[in-house]
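Asks: Sequence first, then the predicted structure:
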Amino acid sequence: MLDEDCTEAFRKIFSPSCRPPPLPSPDTAPAPWVLLEPLAYVADQTNATTAEASTSTGHTLRVTVCLTDPLGVSYVCVHCPDLKDTDYASRPSVVCSEKDFLLLSVLFLHAPQGREYFVYKAGPGRPSLRLIPGPYPLVLTASDFGLLPRDDGDHFVLAALCYSLTPWVYDLHVFSSRTWAWSTKVTQTEISSDVRTGVSIIIASKVIQLGGGTLGWVDLWRGIAFCNVLDEIPVLRFITLPMLMPGNKEGVKPAPWPLRNVAYSNGLIKFIEVEKHERPDVDETSCDDMDTLCESDCLTKPKEIGWRAMTWYRMTSWDHWRKGCMAYDEEISVDYPRLSEMLPHVRDNVTGELTLKDLLASYPVLSLACHCDDIVYMLCKLKSCSPKSWLITVDLKRKILVDLAPFSLEGCFSSAHPSELSSYLKTDLGNCNNYCF
C-alpha cells in the first residue's frame with residue numbers, strides 16, 4: 001500500500017490543479033520532434049499554437065502546445081475560461097500524436113458523455129481544434145485509440161479496437177474526418193494456435209502506425225495486434241514481443257513503461273528493453289578452491305546492481321526478431337567535458353573515470369530521427385537516495401553518452417511520447433504570450 005505522503009503526491013500529480021513547469025526560453029527553431037508529456041495541464045497559456053473549439057455543452061476550450069527540445073518534456077495546456085479546476089475529473093490526457101494531428105481526451109464532471117475527445121491540427125495555417133462527436137466506442141483505456149493521417153494531409157482516421165467476451169473477437173470502430181461519423185467493422189483474425197493459447201487479451205499501451213493504412217495496438221507485456229483499418233474486412237494479425245529479460249522477470253510490475261518501449265520508423269518495428277541486473281563480482285571465489293575460510297568469506301556480500309539496454313527490430317512480414325544493439329552501463333563512455341561537468345557524482349572510485357554505472361536507467365524512448373536508429377532517451381537517477389535525476393541520450397551502437405540535461409522528478413514520472421507535432425507548428429515568437437518553447 002502507498003503511505004499517506006505517497007498518496008498525497010500522486011493526488012497532486014493527477015489533480016487538475018497541478019500547474020505546468022516553466023520551460024527554457026527559445027533560442028533556436030523548433031526541434032523536428034519532441035518528447036510530449038502524456039498528461040496535459042489545466043492552465044491558461046496562449047501562444048501561436050493556441051486553438052479553440054466548443055465542448056458538447058457549449059463551453060469554449062482552448063488548447064496550447066508548449067515545446068522544448070527532446071532533452072526536456074513538452075506539454076499541452078487546456079483551458080476553459082468559464083470552468084474551474086473542480087469541473088474537471090482529472091488532468092486531460094494526450095491520447096496519441098501522429099504528424100500534425102493530436103488526439104486529446106478531457107474528462108468533465110458535468111458533461112453528458114463525461115469524457116470528450118478533441119483533435120488538434122497544427123497546420124497548415126493557424127492550428128485548429130475540433131470536438132469528435134459521440135457516442136464513443138467502449139474501450140478499456142484511451143490508449144485503445146489510434147490516429148491515422150491520410151495522404152492528402154487534411155483528413156484523418158481514428159480507430160479503436162474493442163474486445164468482446166470471446167478471445168480474439170474484436171470490433172474495429174472507425175471515425176473518418178471525411179464523413180465526420182463513426183462506423184463499425186468486425187475483424188477477421190489470422191492468429192496462430194500458440195498465440196491463441198498464450199495470449200487471451202490485448203491491453204494496449206500505445207498505438208503505432210505501421211505503414212499504409214495499418215495500425216498496431218502495442219501491449220508492451222505481450223505483443224502487437226495489427227490490421228489495415230481502411231480495409232472493408234480488416235484482418236487482425238499478431239506479433240509477439242521478445243520475452244522479458246531475466247532481471248525484469250521478478251517482482252510485481254504495475255506498468256511496462258519503465259522497462260520497455262516500441263517505435264516504428266524506416267519500415268521497421270523497433271523494440272527496446274532496459275534491465276536491472278546483478279553485476280558479477282570479479283573477486284568472488286568458490287569454496288571449492290579454498291582450504292580455510294575466514295569469517296569475511298562466510299558473510300553474504302551485497303550484490304552490485306547495474307543495468308543494460310537491448311534493442312531488437314523486425315518487419316511485419318518477418319517471422320522473427322533480429323538483435324540490434326546491447327550496452328551495459330559501465331560500457332557507456334562520457335567523453336565530452338560539458339557532460340562531465342554535469343555528472344560530478346558518478347566517477348569511478350578507483351580509476352576516477354566518468355561512468356554511468358552509478359546511475360539507474362528507466363523509461364526508454366527510441367528516437368524518431370531517421371538517421372538515429374540506435375539513439376535512445378532514458379530517465380536516470382543516482383542509486384543513492386539523492387533526488388537528482390537526468391534525461392540522457394545514449395548511442396547504444398557506439399556506446400557513448402550523447403547528451404543529458406537535469407530533470408526535476410517530483411512524485412511521479414510517466415513515459416513521455418515522441419511526437420513530430422513540433423515540425424508542423426508555425427511559431428511566430430514575436431506575437432506569442434507566455435510562449436514556452
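Replies: Yep, that arrived. Numbers count the residues shown, from 1 in each chain.

Asks: mind listing what Ile400 touches?
Replies: Ile332, Ser333, Val334, Asp335, Val394 (Cβ atoms under 8 Å, 6 or more residues apart in numbering). The way it works is simple: take the backbone N, C-alpha and C, and place the C-beta from them, glycine included.

Asks: Find the pair from these with maximum spatial separation.
Replies: Greatest spacing in the contacts of Ile400, by Cβ to Cβ: Asp335 and Val394 (12.5 Å).

Asks: shared neighbours of these two, which are they?
Replies: Joint contacts of Asp335 and Val394 (Cβ under 8 Å, 6+ apart) are Ile400, Leu401.

Asks: More neighbours: which of the two?
Replies: Val394 (26 against 10; other Cβ atoms under 10 Å).

Asks: Could you give the bridge partners of that one?
Replies: Beta-bridge partners of Val394, counted by DSSP bridges, are Val376, Leu401.

Asks: just curious, which of the contacts of Ile400 is nearest to Gln209?
Replies: Nearest to Gln209 among the contacts of Ile400: Val394, at 25.2 Å, using Cβ to Cβ.

Asks: you'd agree that closest one is up against Leu401?
Replies: Yes - assessed by Cβ atoms under 8 Å, Val394 is found in contact with Leu401 at 5.9 Å.

Asks: between these two, what contacts are shared?
Replies: Common neighbours of Val394 and Leu401 (Cβ under 8 Å, 6+ apart) are Ile332.

Asks: hang on, the earlier thing: lowest-confidence member of the contacts of Ile400, which is it?
Replies: By pLDDT, Asp335 ranks lowest within these, coming in at 75.

Asks: Roughly how far does that one sit from Ile375?
Replies: Distance from Asp335 to Ile375, counting by Cβ to Cβ, to the nearest Å: 16 Å.

Asks: How about Tyr424?
Replies: 22 Å.

Asks: higher neighbour count, these two?
Replies: Using other Cβ under 10 Å, the more surrounded residue of Tyr424 and Ile375 is Ile375, with 20 against 17.

Asks: and the more buried one, what pLDDT?
Replies: Here, the pLDDT recorded for Ile375 equals 90.

Asks: Can I get the contacts of Ile400 in TSV including distance to Arg308 and secondary structure?
Replies: As requested, these are exported to TSV (distance: Cβ to Cβ, whole Å; DSSP: H, G, I helix; E, B strand; the rest coil):
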residue	distance to Arg308	secondary structure
Ile332	10	coil
Ser333	15	strand
Val334	17	coil
Asp335	20	coil
Val394	11	strand
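
Asks: and which of those residues is nearest Arg62?
Replies: Among these, and counting by Cβ to Cβ, the member closest to Arg62 is Val394, at 37.5 Å.

Asks: Report back the residue of the protein that's furthest from centre.
Replies: Farthest-out residue of the chain from its mean C-alpha position, per Cα atoms, centre = their mean: Asp291, at 54.5 Å.

Asks: any idea which element that one lies in?
Replies: Using DSSP states H and E, Asp291 sits in no helix or strand.

Asks: One more: Arg338?
Replies: Counting by DSSP H and E, Arg338 is part of helix 337-342.

Asks: What is the subsequent helix or strand relative to that helix?
Replies: Sequence-wise, the next helix or strand downstream of helix 337-342 (DSSP H and E) is strand 359-366.

Asks: Would you give the sheet partners of that next one, along with the direction of each?
Replies: Strand 359-366 has the following strand partners under DSSP bridges: strand 375-382 (antiparallel).

Asks: and the partner strand, how far from the chain's centre?
Replies: Its chain's average C-alpha position is 13 Å from that of strand 375-382, according to Cα atoms, centre = their mean, to the nearest Å.

Asks: any residues touching that strand, and which ones?
Replies: Under the criterion Cβ under 8 Å, 6+ apart, residues 35, 70-71, 272, 274, 309, 311, 345-346, 356, 358-367, 369, 388-396, 402, 404, 407, 409, 413 lie in contact with strand 375-382.

Asks: Just the CA coordinates for it, please, in PDB.
Replies: Written as PDB, here are the backbone C-alpha positions of strand 375-382 (Å, rounded to 0.1, in the frame of the first residue of the first chain):
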ATOM      1  CA  ILE A 375      19.700   6.500 -30.200                       C
ATOM      2  CA  VAL A 376      17.600   6.100 -27.000                       C
ATOM      3  CA  TYR A 377      16.400   8.600 -24.500                       C
ATOM      4  CA  MET A 378      16.200   7.500 -20.800                       C
ATOM      5  CA  LEU A 379      15.500   8.800 -17.400                       C
ATOM      6  CA  CYS A 380      18.400   8.300 -15.000                       C
ATOM      7  CA  LYS A 381      18.700   8.600 -11.200                       C
ATOM      8  CA  LEU A 382      21.600   8.100  -8.800                       C
END
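
Asks: in it, what's buried?
Replies: Buried residues in strand 375-382, counted by 16 or more other Cβ atoms under 10 Å: Ile375, Val376, Tyr377, Met378, Leu379, Cys380, Lys381, Leu382.

Asks: Of all the helices and strands in the chain, which has the lowest average confidence?
Replies: Lowest by mean pLDDT, DSSP states H and E among the helices and strands of the chain is helix 4-14, with a mean of 44.

Asks: Run through the strands of the stretch 201-350 of the chain in chain order.
Replies: According to DSSP state E, counting those that start in this stretch, the stretch 201-350 of the chain carries its strands in the segments 206-209, 214-219, 223-228, 235-240, 260-265, 268-279, 304-314, 322-328.

Asks: next one: the stretch 1-150 of the chain
Replies: Under DSSP E, counting those that start in this stretch, the stretch 1-150 of the chain gives strands at 34-36, 41-42, 51-54, 60-66, 73-79, 93-98, 101-107, 115-121, 128-132, 145-149.

Asks: Columns mean pLDDT on top of the ones you listed, output as a markdown table?
Replies: A markdown table is the format used below for the strands of the stretch 1-150 of the chain (pLDDT from 0 to 100):
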| stretch | mean pLDDT |
| --- | --- |
| strand 34-36 | 90 |
| strand 41-42 | 91 |
| strand 51-54 | 96 |
| strand 60-66 | 95 |
| strand 73-79 | 92 |
| strand 93-98 | 93 |
| strand 101-107 | 94 |
| strand 115-121 | 95 |
| strand 128-132 | 96 |
| strand 145-149 | 95 |
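
Asks: pLDDT below threshold where in the stretch 101-250 of the chain?
Replies: Along the stretch 101-250 of the chain, the model assigns pLDDT under 70 to no residue.

Asks: do the stretch 251-400 of the chain as well
Replies: Low-confidence segments of the stretch 251-400 of the chain (pLDDT under 70): 279-290, 296-304, 336-337, 340-341, 343-355, 369-373, 385.
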